[in-house]
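K.L.:
Here is my input, please return the structure:
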Amino acid sequence: MNFKKELAAVLFELLDQEITAAELELMIEKPKNATHGDLAFPCFTLAKVKRKSPNLIAQELSGKIQAPIFEKVEVVGAYLNIFLNKKLVSEQLVNSIFEQKGHFADLEFGAGGHVTIDMSSPNIAKPFSMGHLRSTVIGNSIALITEKCGYKAIKINHLGDWGTQFGKLITAYKLWGDAEKVKQNPIKELLALYIKFHEVAEADPSLEDQGRSWFKRLEDGDEEALSLWQWFRDESLKEFSRIYELMNVEFDSYAGEAFYNDKMDRIVKLLEEKQLLIESDQAQVVELTEEQLPPCLIKKSDGATLYATRDLAAALYRKENYDFVQSLYVVGHEQSLHFKQLIAVLGKMGYEWAEKMVHVPFGMMLKDGKKMSTRKGKVVLLEEVLNESIAMARHNIEEKNPNLANKDVVAKQVGVGAVIFHDLKNNRMNDIEFSLEEMLRFEGETGPYVQYTFARACSILRKANWQADSQPKTYPNSWDKEWKVASLLMEFAPAVKRACDNYDPSQVAKYIVDLAQAFNKYYAEVKVLEESMEKQARLALVYSVTVVLKEGLRLLGIEAPEEM
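P.N.:
Residues are numbered from 1 along each chain as shown. The predicted model follows:
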């Protein structure tokens, strides 16, 4: 149901193929005001081709545009405003949704290509904080959206399970740790040790040397260091798994930084063979002067490897194992320089596929206007926020619908959905101020509002004893009252495509809020359940709304309860 494409095809024939159909399609706009039609075509570009005034070209074309789906054409200055045939288009739309159900608006341009998505990536031995929410939910939604567009998404949790911080943690544990306390409450105790290390290190900088020394022992395979590290990692994964399960997020790989330890020598050798490594202040670097970037540090003076070395090894591993057509890194914008360097080094190594690597940055989760910091103890735990949101949803259900079946299931769907939607409705580049009150609001542009609209539409269908296979045999003569909702349903596929092209789930979030608002307004004005010749067609439209709202929520990683 690509009406821009159909209009472009008609114009292509009328213009004697002087400009391609694809170029014409790009020129077609959607008017901001519905009174100006459903599509608009500006004739300014044609003026250069035809050597006539754009207004005159618009007048000449207006009487020639004829197709059953176009009801009328109006000329406003140099614009052709085209109005779609509401009855024909609405019936085609409803029929399409009936046939395709959840596959409505599926797109195929991904053609089965693999897209690796590096996302979530919390640091082990630290609690899963609100700061980790963004990468997790943005990455998960991008994965669902890319699959809707025909790609195969491969979600990789690149755990922060290596680095100097583990030397610091081992130092802290050796100095002040209590094995029994750690066993009873591992993450809380390990976090307390990590915070204490930094507090003490401010007065005693020699502690930092001890931390580096323990990490060197870890890199060298020291038995005690490895044993402690493995323990910290195992306990962390248990905690993370519980939170991922709560959010219905799954991964195809948990290969973290440590996974690449035995793969980094290869990278160093390749860089040496290509004569890209040079010595700088006793460290090994790749110069990126031509790319107008600082040098990329590959090996420190003590021989220890760095993030960049591991990420180069990871990029090569992913290309060889998944043969990606795109490799996405859903990581905060403060890492932008790192990814520019990473892609530039791979390019210098001669890998053309480096151009298919994309850093998908996002803004910060702030608390009182400042970035949350684990090392300073300024952290809000994600699990606590999710549980509080679920509890609030449960309280609302008890107040408004105490006889609801499966209260706990619905409370989880609504509570978790509220937290996820609050993040994804924002453009990912915006910083988000953490506010539990704002996150858990159950009216306005929120997840619970969209879920409630879906449940309300399902309730209408239940009252009418509607069956999903009871497609109307006849339709009304006019779809004027339904047109706002019907025309919005047509916008679902374009919203999905924009979200995929821009790695921006907010396109889908904003779209389903608009659809929910339009539907609620329609239902307030039209007596859908009243017996009339339009009743079956109106119920078919309500059913179509449930299909699209449910699928839109799914693309955000949010469930859609049929009762609330």
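K.L.:
Distance check, Arg554 against Leu386.
P.N.:
19 Å (CB to CB, to the nearest Å). In short, each C-beta sits where N, CA and C put it, glycine included.
K.L.:
higher neighbour count, the two?
P.N.:
Leu386 (22 against 16; other CB atoms under 10 Å).
K.L.:
Check what contacts the least confident helix or strand in the chain by mean pLDDT and list those residues.
P.N.:
The helix or strand of the chain with the lowest confidence, counting by mean pLDDT, DSSP states H and E, is helix 436-439 at a mean of 74. Residues outside helix 436-439 that contact it (CB atoms under 8 Å, 6 or more residues apart in numbering): Val385, Glu388, Ser389, Ala418, Val419, His422.
K.L.:
Run through the residues that contact the third one.
P.N.:
Each residue near Ser389 by CB under 8 Å, 6+ apart is listed here: Gly415, Val416, Ala418, Val419, Leu436, Met439, Leu440.
K.L.:
What residues sit buried inside the helix or strand containing the second one?
P.N.:
Under the criterion DSSP states H and E, the helix or strand holding Val416 is helix 407-424. Under the neighbour-count criterion of 16 or more other CB atoms under 10 Å, helix 407-424 has 410-424 buried.
K.L.:
His338: which of those residues is nearest?
P.N.:
Checking these against His338 with CB to CB, the nearest one is Asp423 at 23.0 Å.
K.L.:
That closest one: what's its closest spatial neighbour, skipping adjacent residues?
P.N.:
Val137 (5.3 Å; CB to CB, 6 or more residues apart in numbering).
K.L.:
who's in contact with that neighbour?
P.N.:
Met247, Val249, Ile420, Asp423, Leu424, Pro505, Leu556, Gly557.
K.L.:
Now it: which helix or strand?
P.N.:
Using DSSP H and E, Val137 falls in helix 133-148.
K.L.:
angle of that helix against helix 407-424?
P.N.:
90 degrees (axes from the mean of the first three to the mean of the last three CA atoms, to 10 degrees).
K.L.:
Contacts for the helix or strand that helix 133-148 is followed by, please.
P.N.:
Using DSSP H and E, the helix or strand that follows helix 133-148 towards the C-terminus is strand 152-156. With CB under 8 Å, 6+ apart as the test, strand 152-156 has contacts from 110, 112-119, 139-140, 142-144, 146-147, 250-253, 255, 318, 322, 324.
K.L.:
Which of the residues you listed fall within strands?
P.N.:
Among the contacts of strand 152-156, the members found in strands (DSSP state E) are His114, Val115, Thr116, Ile117, Asp118.
K.L.:
Could you export the residues you listed as TSV, including distance to Gln517, pLDDT and neighbour count?
P.N.:
Supplementary listing: the ones in strands among the contacts of strand 152-156 in TSV, determined by distance: CB to CB, whole Å; pLDDT from 0 to 100; neighbours: other CB atoms under 10 Å:
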residue	distance to Gln517	pLDDT	neighbour count
His114	37	98	19
Val115	32	98	24
Thr116	36	98	28
Ile117	31	98	27
Asp118	35	98	25
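K.L.:
Which of those residues sits closest to Glu189?
P.N.:
Asp118 (29.3 Å).
K.L.:
Kindly provide the distance from Arg428 to Ser141.
P.N.:
Distance from Arg428 to Ser141, by CB to CB: 10 Å.
K.L.:
So if I had to pick from the two, which one is more boxed in?
P.N.:
Ser141 (28 against 23).
K.L.:
The closest residue in space to the more buried one that isn't next to it in sequence and Phe128: what is the separation?
P.N.:
Among residues not flanking Ser141 along the chain, Pro505 sits closest, at 3.9 Å (CB to CB, 6+ apart). Using CB to CB, Pro505 is found at 20 Å from Phe128.
K.L.:
Between the two, which is the more surrounded one?
P.N.:
Pro505 (29 against 23).
K.L.:
In this structure Ala486 contacts Ser90, no?
P.N.:
Yes: applying CB atoms under 8 Å as the test, Ala486 and Ser90 come out as touching, 4.3 Å apart.
K.L.:
between these two, what contacts are shared?
P.N.:
Trp479, Leu541.
K.L.:
anything in contact with each of Arg428 and Ser141?
P.N.:
Pro505.
K.L.:
returning to what we had before: pLDDT score for the residue nearest to Asp423?
P.N.:
If you check Val137, the pLDDT there is 98.
K.L.:
What distance do you get for it to Cys149?
P.N.:
19 Å.
K.L.:
need the contact list for the residue lying closest to Lys497 once chain neighbours are set aside.
P.N.:
Counting by CB to CB, 6+ apart, Lys497 lies nearest to Leu107, which is 6.1 Å off, once chain neighbours are set aside. By CB under 8 Å, 6+ apart, Leu107 lies in contact with Lys148, Cys149, Gly150, Ala493, Val496, Lys497, Cys500.
K.L.:
Can you tell me how far the second one is from Phe251?
P.N.:
Cys149 sits at a distance of 20 Å from Phe251 (criterion: CB to CB).
K.L.:
Show the contacting residues for Ala493.
P.N.:
Met1, Asn2, Ala105, Leu107.
K.L.:
do the same with Ala78
P.N.:
By CB under 8 Å, 6+ apart, the contact set of Ala78 is Pro42, Cys43, Phe44, Ala47, Ser53, Pro54, Asn55, Ile57, Ala58.
K.L.:
Now the phi/psi pair for the nearest residue to it once chain neighbours are set aside, please.
P.N.:
Distance criterion CB to CB, 6+ apart; nearest residue to Ala78, sequence neighbours excluded, is Pro54 at 3.5 Å. Torsion angles at Pro54 (phi, psi; degrees, to the nearest 10) stand at phi -60, psi -30.
K.L.:
my guess is Pro54 meets Ala47, correct?
P.N.:
Yes: if you go by CB under 8 Å, Pro54 and Ala47 touch, sitting 4.5 Å apart.
K.L.:
The chain: strands as residue ranges?
P.N.:
Going by DSSP E, the chain shows strands at 39-42, 70-76, 79-84, 114-118, 152-156, 277-280, 283-286, 296-299, 326-330, 357-360, 365-367, 370-371, 432-433.
K.L.:
Need those strands in a markdown table (columns: distance to Ile267).
P.N.:
A markdown table is the format used below for those (distance: least, CB to CB, whole Å):
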| stretch | distance to Ile267 |
| --- | --- |
| strand 39-42 | 52 |
| strand 70-76 | 59 |
| strand 79-84 | 56 |
| strand 114-118 | 17 |
| strand 152-156 | 18 |
| strand 277-280 | 10 |
| strand 283-286 | 11 |
| strand 296-299 | 8 |
| strand 326-330 | 16 |
| strand 357-360 | 15 |
| strand 365-367 | 33 |
| strand 370-371 | 31 |
| strand 432-433 | 36 |
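K.L.:
what packs against the longest helix along the chain?
P.N.:
Longest helix of the chain, by residue count under DSSP state H: helix 223-246. Applying 3 or more CB pairs under 8 Å, 6 or more residues apart in numbering; DSSP states H and E, one finds that helix 223-246 contacts helix 164-176, helix 186-203, helix 206-219, helix 382-400.
K.L.:
buried ones in it?
P.N.:
Buried residues in helix 223-246, counted by 16+ other CB under 10 Å: 225, 228-229, 231-233, 235-237, 239-240, 243-244, 246.
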